[in-house]
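K.L.:
Sequence first, predicted model second:
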Amino acid sequence: MLNNIPGRRDLLVALAGRAVSTFGDGVAVVALTLRLQGDGGRPCEVALLLAAGVIPQLLLARPVGRMVDAHDSRRLLVAGGLAEVAATVPLVVLHSVAAIVLLVAVLGAAASVTGATWSALIPRVVGDDHLAEAVSAQQSLNVLALVGAPAVGGLLAGAFGSSVPVAVDAATFVVVTVAAALVRTRRAPDGADGADGSARARGGFAILRADRVLAPLLAGVALVVLLVGMVDVVLVYLVRDTLAAGGVWYGAVEASWMAGMVAGSLGAGRVRSQPGQVRAAVTGAALACAGVAGFAVAPTVAVLLPLSVLGGVGNGYAGACVSTLLMVRTPDSARGRVSAAASAIFGAAQGASLLIGGAVVLVLSARELYAVAGLLGLAAAGLVAVTSDGEATAPGAADATRLVAP
């Protein structure tokens, strides 16, 4: 798949480094959660821990985006990686909730810088013509890393205590920092943005709003993320209480969704044209919603497996195609701002979905929540199909990846 891509060596280094780091993050989150619970922490403190890694991404989107577009990519990646190492090492031994949350917030801030920098750098590494393949490969590897990380984190924490998996996370940050230093391609500000330079003065949100394709697409897909993400809080109850199945089935349903995501992400790499990517993103969002809606009427737990695969395939297509469109429709010198803004949009949608789902489940059963989320998500996907420019072409100078889980 990646054999004929220009900059293949740099791409492989980048993909490997980021996948290792993603794996380490997943291992550490499980370990720190278990540490807080074992130390007698309350659920609100665990929620604060999880939120601490996301909130900086939302609050710092504007300054981070401008930083990424104004400074050399290698310096940002190496500095960000070193900051992540420095913030992770104390977590190996600290047990204070306040200190852990503060350091996780620092990690979130550093990750927002490195994430936006990598996203903006990859198109420079492979060129726009091969961006879809690179994005699909990156998303597939990240999904695979996320599948194995929780299990490894739990096993390491159970066998050696929470310090060892956190140390593993610190080691992965060293790996990704070395990878950043080894990537020969660099993205440095060159003073050019569009033909009239107007986009340089605009933030990522303004650039996205001005794009006739990305604006409705991102709004609609973010709404799908918010609606369908609500079911995360009730899957375990649907499997164990409603369908009277065991924990193994719960894990199998989760794994089936992830397997579908890998397949969908790889398939998205074969969609090369912008109109095709728009259609694939909308269709993928609709498939994910259809899979979720099917959970509401599944007669047995076994039926959830093909529905999860279907939803995951749609999730993978939508995530990879949206990520590709974000980069190919954005001038190179504005890609840091756009990446940071898009991450903030989807991060906010995912966070809101959990809060809303936790409230709605007080009045709806698990099946009812799946039905509401899936059907409203399908309506949102239909609205995107109507409002999106299905004949998208590259924008002129003035115009300017887990979407959902079961």
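P.N.:
Good, I have the coordinates.

K.L.:
List the buried residues of stretch 302-314.
P.N.:
For stretch 302-314, a neighbour-count test (16 or more other CB atoms under 10 Å) marks Leu304, Leu305, Leu307, Ser308, Val309, Leu310, Gly311, Gly312, Val313, Gly314 as buried. To be clear about C-beta, it is placed using only N, CA and C from the backbone, and glycine gets the same treatment.

K.L.:
Stretch 157-170: end-to-end distance?
P.N.:
15 Å (CA to CA, to the nearest Å).

K.L.:
which parts of whatever helix or strand Ala137 lives in are buried?
P.N.:
In the assignment (DSSP states H and E), Ala137 maps to helix 131-160. Neighbour-count burial for helix 131-160 flags 131-147, 149-150, 152-154, 156-157 (criterion: 16+ other CB under 10 Å).

K.L.:
what's that helix packed up against?
P.N.:
helix 8-38, helix 97-126, helix 163-182, helix 247-268, helix 304-328 (3 or more CB pairs under 8 Å, 6 or more residues apart in numbering; DSSP states H and E).

K.L.:
Now do that helix against helix 163-182: the angle between them, please.
P.N.:
150 degrees (axes from the mean of the first three to the mean of the last three CA atoms, to 10 degrees).

K.L.:
okay, the angle between helix 131-160 and helix 304-328?
P.N.:
Going by the same axes, to 10 degrees, helix 131-160 makes 130 degrees with helix 304-328.

K.L.:
distance between helix 131-160 and the chain's centre?
P.N.:
Centroid separation between helix 131-160 and its chain, computed with CA atoms, centre = their mean, to the nearest Å, is 12 Å.

K.L.:
Okay, angle between that helix and helix 8-38 too, please.
P.N.:
Going by the same axes, to 10 degrees, helix 131-160 makes 40 degrees with helix 8-38.

K.L.:
With pLDDT and distance to Ala379 added, can I get the buried residues of stretch 302-314 in JSON lines?
P.N.:
Listed next are the buried residues of stretch 302-314 as JSON lines, based on pLDDT from 0 to 100; distance: CB to CB, whole Å:
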{"residue": "Leu304", "pLDDT": "95", "distance to Ala379": "23"}
{"residue": "Leu305", "pLDDT": "95", "distance to Ala379": "26"}
{"residue": "Leu307", "pLDDT": "97", "distance to Ala379": "19"}
{"residue": "Ser308", "pLDDT": "94", "distance to Ala379": "22"}
{"residue": "Val309", "pLDDT": "95", "distance to Ala379": "23"}
{"residue": "Leu310", "pLDDT": "96", "distance to Ala379": "18"}
{"residue": "Gly311", "pLDDT": "95", "distance to Ala379": "16"}
{"residue": "Gly312", "pLDDT": "94", "distance to Ala379": "21"}
{"residue": "Val313", "pLDDT": "96", "distance to Ala379": "21"}
{"residue": "Gly314", "pLDDT": "96", "distance to Ala379": "15"}
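
K.L.:
As JSON lines, these with distance to Tyr237 would be great.
P.N.:
Listed next are the buried residues of stretch 302-314 as JSON lines, based on distance: CB to CB, whole Å:
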{"residue": "Leu304", "distance to Tyr237": "13"}
{"residue": "Leu305", "distance to Tyr237": "18"}
{"residue": "Leu307", "distance to Tyr237": "17"}
{"residue": "Ser308", "distance to Tyr237": "16"}
{"residue": "Val309", "distance to Tyr237": "21"}
{"residue": "Leu310", "distance to Tyr237": "21"}
{"residue": "Gly311", "distance to Tyr237": "18"}
{"residue": "Gly312", "distance to Tyr237": "20"}
{"residue": "Val313", "distance to Tyr237": "25"}
{"residue": "Gly314", "distance to Tyr237": "23"}
